[in-house]
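Chemist: curious how this folds, go ahead:
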Amino acid sequence: MSESERVEKNHSLPGASSLEYYRIVRSQIEHEDNVINQRLNWFVSAQAFLFTANAIVLSSAPTPSFAQSREAERLLILLIPVVAICCCLVVYATVVGGVLALRKLRRSFHGQTDLQGTGDLPPLLGNLLTRSLGLAAPVVLPMVFLVAWTMLLLQAVEMFIQ
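Modeler: Okay, here's the model as predicted:
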């Protein structure tokens, strides 16, 4: 079997060597990692902002002379957790999308190149343990905040019902 036949058999980029294919896939993985990291940074910043806004609204002194102000405060007490919950769900969905993209890249590379398992290059994504630990924050944090905001929302709803 000629070199070009072996390369074409080993991966789906005709004309690219196995090393070039590794670099292309590795570059895509780095891109997905960076996107997940950016999403998590944005998410944590947004959560800090929303918790601060919620605390300010909850701790503001009631103004009995302005009925409209009280209604606005009541609306914010409900609206801030709803916005935060939506943010949690959207960010979680985008992180899951990134994780699925990483999985697809890893699977497309696995077994498709003669570089696999030679020890000449670092693994694309590490082992299962390091991958799992590395994705713990982006996958778990949105759910933690989702639970916290849901509890705050339920408390606010209960407060208004009474």
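
Chemist: quick one, strands of the chain?
Modeler: In order along the chain, the chain carries no strands (DSSP state E).

Chemist: ok, the residue nearest the centre of it - contacts?
Modeler: Nearest residue to the geometric centre of the chain (C-alpha atoms, centre = their mean): Val95, 2.8 Å. Contacts for Val95 (C-beta atoms under 8 Å, 6 or more residues apart in numbering) come out as 36, 39-40, 138-139, 142. Glycine gets a C-beta too; all of them are placed from N, C-alpha and C.

Chemist: Throw these into CSV and include pLDDT, thanks.
Modeler: Output for those, formatted as CSV (pLDDT from 0 to 100):
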residue, pLDDT
Ile36, 94
Arg39, 93
Leu40, 94
Pro138, 93
Val139, 93
Pro142, 96
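
Chemist: include distance to Leu79 and neighbour count when you put the residues you listed into TSV, please.
Modeler: Shown next, in TSV, are the contacts of Val95 (distance: C-beta to C-beta, whole Å; neighbours: other C-beta atoms under 10 Å):
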residue	distance to Leu79	neighbour count
Ile36	28	22
Arg39	23	19
Leu40	24	19
Pro138	26	21
Val139	27	17
Pro142	19	25
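
Chemist: looking at these, which is nearest Pro81?
Modeler: Pro142 (14.5 Å; C-beta to C-beta).

Chemist: which ones are touching the closest residue in space to that closest one that isn't next to it in sequence?
Modeler: In space, and not counting its chain neighbours, Pro142 is closest to Tyr92: 3.9 Å by C-beta to C-beta, 6 or more residues apart in numbering. Tyr92 is in contact with 139, 142-143, 146, counting by C-beta under 8 Å, 6+ apart.

Chemist: among the residues you listed, which are in helices?
Modeler: 139, 142-143, 146 (DSSP state H).

Chemist: where in the chain is the helix or strand with the lowest mean pLDDT?
Modeler: helix 3-10 (a mean of 42; mean pLDDT, DSSP states H and E).

Chemist: quick check, nearest of the ones in helices among the contacts of Tyr92 to Leu78?
Modeler: Using C-beta to C-beta, Leu146 comes nearest to Leu78 of the ones in helices among the contacts of Tyr92, at 16.4 Å.

Chemist: correct me, but that closest one touches Cys87?
Modeler: No - here Leu146 does not reach Cys87: they are 9.3 Å apart, not a contact under C-beta atoms under 8 Å.
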